[in-house]
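Visitor: Any chance you can model this:
(one chain, ligands or ions: 1)
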Amino acid sequence: MDLDDTFAFSCKLCGNCCRWEADGRSVSDNLLTGADVTRMAAHLGLTPGAFARRYARAVFDPALTKKVMKLRKRPDGSCILLHEGRCAAYPARPRTCALFPLVRGYRFALDENGAAAAAEYFSPGSPAPAHKCGVDAVFTVRGWLAKNGAPVHDEEDRIWFERLWRYYTGACGAHHHEQIFNNLYVFLL
Ligand code: SF4
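Guide: Next comes the predicted model:
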């Protein structure tokens, strides 16, 4: 989907996107980006390290063969930041949460100079029945981003996913691999 494409969606305020995990995962199970951590930490008046220690957990990602950062969950599967049905970091919430049910993706390719060119796209996502989402309203992608305080082009997100793409595809050296995770995760934990 492009920015002016439309999709149907309506939120029923059930909050299940912040707590549901009937299939073993929930929105709060999503990977946090480095930008998510620094943005949420600043919103809550914490250093990134303090935020990570209080609200995040390190989870081994078999695909990356590295530990990555996710939000903590309560025993009932709800996100640690969900309080009385509301997100305690709503204005700074992870981009994955802000875009829900949309998903932003990038197709990267290296040009002849080794620079990465990114083609950005959006997918409508697929809320599960337990989410209780409706389809009563129609939005453009652009309108949905504006409504949810997400940038049209998210430079922080693009940089993050370019780094992951370079890691996945081996488009950077081993030293760079370590640097990515040392800078973005390890020193925070
Ligand atoms: S960070 Fe906020 S919006 Fe995202 S899952 Fe947690 S409570 Fe919900």
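
Visitor: And for the closest residue to residue 35 other than its chain neighbours, the neighbour number?
Guide: Nearest in space to residue 35, with sequence neighbours left out and distances taken as CB to CB, 6 or more residues apart in numbering, is residue 156 at 3.6 Å. In short, each C-beta sits where N, CA and C put it, glycine included. Neighbourhood size, residue 156 [other CB atoms under 10 Å]: 15.

Visitor: Quick one: residues contacting residue 156.
Guide: 33, 34, 35 (CB atoms under 8 Å, 6 or more residues apart in numbering).

Visitor: if I look at it, how far off is the ligand?
Guide: 17 Å (CB to the nearest ligand atom, to the nearest Å).

Visitor: Would you agree residue 89 is in contact with residue 45?
Guide: No: in this structure, residue 89 is not within contact of residue 45 by CB atoms under 8 Å, at 10.9 Å.

Visitor: what about those two, which has more around it?
Guide: residue 89 (19 against 8).

Visitor: for the record, mean pLDDT for the longest helix belonging to the chain?
Guide: As assigned by DSSP state H, the longest helix anywhere in the chain is helix 155-169. Confidence over helix 155-169 (mean pLDDT, whole number) is 80.

Visitor: Same check on stretch 2-21?
Guide: 85.

Visitor: Give me the buried positions along it.
Guide: Judged by neighbour count using 16 or more other CB atoms under 10 Å, the buried positions of stretch 2-21 are 7, 9, 11, 15, 16, 17, 18, 19, 20, 21.

Visitor: quick one: which of those is nearest to the ligand?
Guide: For the buried residues of stretch 2-21, the minimum distance to the ligand (CB to the nearest ligand atom) is 3.1 Å, reached by residue 18.

Visitor: Isn't the closest one up against residue 82?
Guide: Yes: in this structure, residue 18 is within contact of residue 82 by CB under 8 Å, at 4.6 Å.

Visitor: partners of residue 59 in the sheet?
Guide: Using DSSP bridges, the bridge partners assigned to residue 59 are residue 68.

Visitor: which stretches of this structure form helices?
Guide: Under DSSP H, the chain gives helices at 34-43, 48-55, 95-99, 141-147, 155-169, 174-184.

Visitor: Tell me which residue lies farthest from the centre of this structure.
Guide: When distances are taken from the C-alpha mean of the chain, residue 112 lies farthest, 30.3 Å away, according to CA atoms, centre = their mean.
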